[in-house]
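A.B. asks: Let's see this in three dimensions:
(chains A and B)
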Amino acid sequence: MSSSTDPQPPAGQQPLRIVHLACLHCGEPTFDEVLLESVVRRVDDLAADLVVVAGDLTASGYEWEYAQAERWLSQIRARKLVVPGNHDSRNVGYVHFERRWGARFSRERLAFDEARAAALGATGLTAVGVDSSEPDLDEGRVGREWYEWIIEQYDEPADFKVFVLHHHLVAIPGTGRDLNHAVDAGDILPVLTRLGVDAVLSGHRHVPYFWGLNGVLIANAGTASSRRTRGLVEPSFNELVVDADTIRVFVHYPDGRRDLAATRSRSTRETIREAFYLTEAFRRSNRILGV
Amino acid sequence: MDAPNVPDVADVPTVPSASDVARIPFRIAQISDIHCGTLTFESRLMSSIVERVNAMQPDVVVVVGDLTAEGYEWEFAEAAEWLGRFEPPVVVVPGNHDARNIGWLHFERYFGERFWRRRFAFDAVRAERLDATGVTIVGVDSSQPDVNAGHVGREWYEWIRKSFDEPGDLKVFALHHHLVSIPGTGRERNIITDAGDLLQVLTDLDLDIVLSGHKHVPFFWGLNGMLICNSSTASTRRVRGLTPPSWNELQIDASTIKVYVHYEDGRRELSVIRTRANRAHIRESFALTDEFRRANRVVVD
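C.D. replies: Residues are numbered from 1 along each chain as shown, chains lettered A, B, ... in the order given. As a prediction, the model looks like this:
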């Protein structure tokens, strides 16, 4: 059962709720079935608008691991956006991913009705997911051949914009040495900041953490259902609650706690842009991406 | 080899002289990747930078590494000769090229400590006008001999925290390698390997500015309200794609931090602005809760 204590807003004006899970690792020796059962139950109770699974459903990309992950995730009734992680691509596991979850690069759009659009200050939700894995490599990579496609997916300028990938784009504290960053993070980050993406959802490092980069909320999820944790950090998953004024991230822990972890205000987003911006002159003088 | 299109400094009207700018804003010239000894080093570019910086009279020149090509003593001697021509105070950290061939030994002999703290205290008038008691700059060596990736190391975090001991100062951190990936520089292979941990240390300190180089492309990020300021190569043709050589001028007043990029043809362009006045506002608009920190002891203090 959800431990949500939010007051209930009038019908039609519910906040946008996105659940952000990663690193289930079905098939791992430390995969914790009891924990995933409770996660699935809690997520289903949250009745989120969208459940994002940011990769590493499996341990080694085997079909039986995928089957197990699907059995669990199918118990969540909400709409889902699933991307593969480096573990899922091992042993050519991306073939199983495509058979069970469809395209590795995908887009989910949710249009808001008039009342909700007015209440949330957005016409809907556009979530774009990409495959940042390469079979048998641990590091991430999106690749320049996808940037144009990504830009085209965000064709609703007034939507709340979410980008999903498995690997991290900015280093995550407390995860040891940074050896498997998305290798084109430098090029993909300005694509996202220029699009005015509101939130980037990633996983991979098994540590929840949050950065504010040029006004973009970068949210990383912990491991949802394995004991592959680091140092003193517990397994967890994230719940994003978006209302007219703020994006709030709640982190859910195995003992049922649901703690507010990070807030980014939406109403001051313009102020943030004003408070940090690159000039056109700079862009002209340094054609960094050649465009 | 000299570039054909570099005008004489005297012809360049866009560089303000010391007298043009009231001595109130705090100004930093940020220069990196000079690479004395590299094939494409241009002495003409370097002498134009020296003249322009001396005309501008910033409070400090911060050189964020890669003074040499291979860490050889003669390259250090050449770099020291160039840096000796700057009239304002100069502070220097080494880069990965400087540590090659055990070049850090020469670095220490020519430039002193590889980890240092330098403080500029403001007088009462300037403190009031700039809303700060002074500027603390902490420089670290992020290089390791013969490794191109950066590394600061957990054994330095406590020293870094202690070095920022003036809470009312503007806080500047200088290092050679980048902490957040820089666009247009190819694939990420040599980010600081402990960037995640170090970024948390720096954002917790409410740092104002990070100065870095290494990638030969100027770029700027705002991370949790902190300005991350990368400089290009100042005096070589080791550029990437369409970006020209350049160096940065930071100008800090009570309400903003502005960065101007200086190009070889004499242009001086405002490139990025971070407001200081609504810094608190920015913090408010992005905040990690104490609960989160308690529940996830990500970096154990």
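A.B. asks: B:Val272 and B:Val259 touch, don't they?
C.D. replies: Yes. With contact defined as C-beta atoms under 8 Å, B:Val272 and B:Val259 form a contacting pair (4.7 Å). No exception for glycine: its C-beta is placed from N, CA and C like everyone else's.
A.B. asks: what touches both of the two?
C.D. replies: The contact sets of B:Val272 and B:Val259 overlap at B:Phe220, B:Leu227, B:Cys229 (C-beta atoms under 8 Å, 6 or more residues apart in numbering or on different chains).
A.B. asks: confidence score at the second one?
C.D. replies: Listed pLDDT for B:Leu227 reads 91.
A.B. asks: Off-centre distance for the helix or strand that contains it?
C.D. replies: Element membership of B:Leu227, judged by DSSP states H and E, is strand B:226-230. Centroid separation for strand B:226-230 versus its chain: 9 Å, with C-alpha atoms, centre = their mean, to the nearest Å.
A.B. asks: and the next element down the chain from that strand?
C.D. replies: Assignment by DSSP H and E places the next element after strand B:226-230 at strand B:246-252.
A.B. asks: ok, and what's touching that following strand?
C.D. replies: Counting by C-beta under 8 Å, 6+ apart, residues outside strand B:246-252 touching it are A:285-286, B:21, B:25-32, B:49, B:56, B:58, B:130, B:135, B:170, B:209, B:218, B:229, B:231-232, B:234, B:257-264, B:268, B:271, B:276.
A.B. asks: ok, is the strand holding B:Leu227 in contact with chain A or not?
C.D. replies: Yes. Legend: contact between strand B:226-230 and chain A by C-beta under 8 Å from any C-beta of the partner chain is shown at B:Leu227.
A.B. asks: Isn't A:Asp159 up against A:Ala122?
C.D. replies: Yes. Counting by C-beta under 8 Å, A:Asp159 touches A:Ala122, with 5.9 Å between them.
A.B. asks: Remind me what the host helix or strand of B:Lys162 packs against, helices and strands.
C.D. replies: If you go by DSSP H and E, B:Lys162 is part of helix B:157-163. Packing partners of helix B:157-163 (3 or more C-beta pairs under 8 Å, 6 or more residues apart in numbering or on different chains; DSSP states H and E): strand B:134-139, helix B:195-204.
A.B. asks: make it 7 Å
C.D. replies: Helix B:157-163 sits against helix B:195-204, with contacts defined as 3 or more C-beta pairs under 7 Å, 6 or more residues apart in numbering or on different chains; DSSP states H and E.
A.B. asks: Mind giving me the packing neighbours of the helix it packs on?
C.D. replies: helix B:157-163.
A.B. asks: So for the helix it packs on, mean pLDDT?
C.D. replies: pLDDT averaged over helix B:157-163 gives 97.
A.B. asks: can you list the residues that contact that helix?
C.D. replies: Contact with helix B:157-163 is made by B:Arg117, B:Val138, B:Val201, B:Leu205, as judged by C-beta atoms under 7 Å, 6 or more residues apart in numbering or on different chains.
A.B. asks: immediately after it, which helix or strand?
C.D. replies: Trace forward from helix B:157-163 with DSSP H and E and the next one is strand B:170-174.
A.B. asks: where along the chain do the helices fall?
C.D. replies: Assuming you mean chain A. A:33-46, A:63-73, A:86-89, A:94-101, A:114-120, A:147-153, A:185-195, A:269-275, A:280-285 (DSSP state H).
A.B. asks: You answered for a different chain; I wanted chain B.
C.D. replies: Using DSSP H, helices in chain B cover B:43-56, B:73-83, B:96-99, B:104-111, B:124-130, B:157-163, B:195-204, B:279-285, B:290-295.
A.B. asks: tell me what the first one is packed against?
C.D. replies: Packing contacts for helix B:43-56, counted by 3+ C-beta pairs under 7 Å, 6+ apart, involve strand B:26-31.
A.B. asks: what angle do the strand it packs on and strand B:134-139 make?
C.D. replies: 20 degrees (axes from the mean of the first three to the mean of the last three C-alpha atoms, to 10 degrees).
A.B. asks: Mind giving me the packing neighbours of strand B:26-31?
C.D. replies: So strand B:26-31, by 3+ C-beta pairs under 7 Å, 6+ apart, packs with helix B:43-56, strand B:60-64, strand B:246-252.
A.B. asks: now it, how far from the chain's geometric center?
C.D. replies: Centre-to-centre, strand B:26-31 and its host chain are 8 Å apart (C-alpha atoms, centre = their mean).
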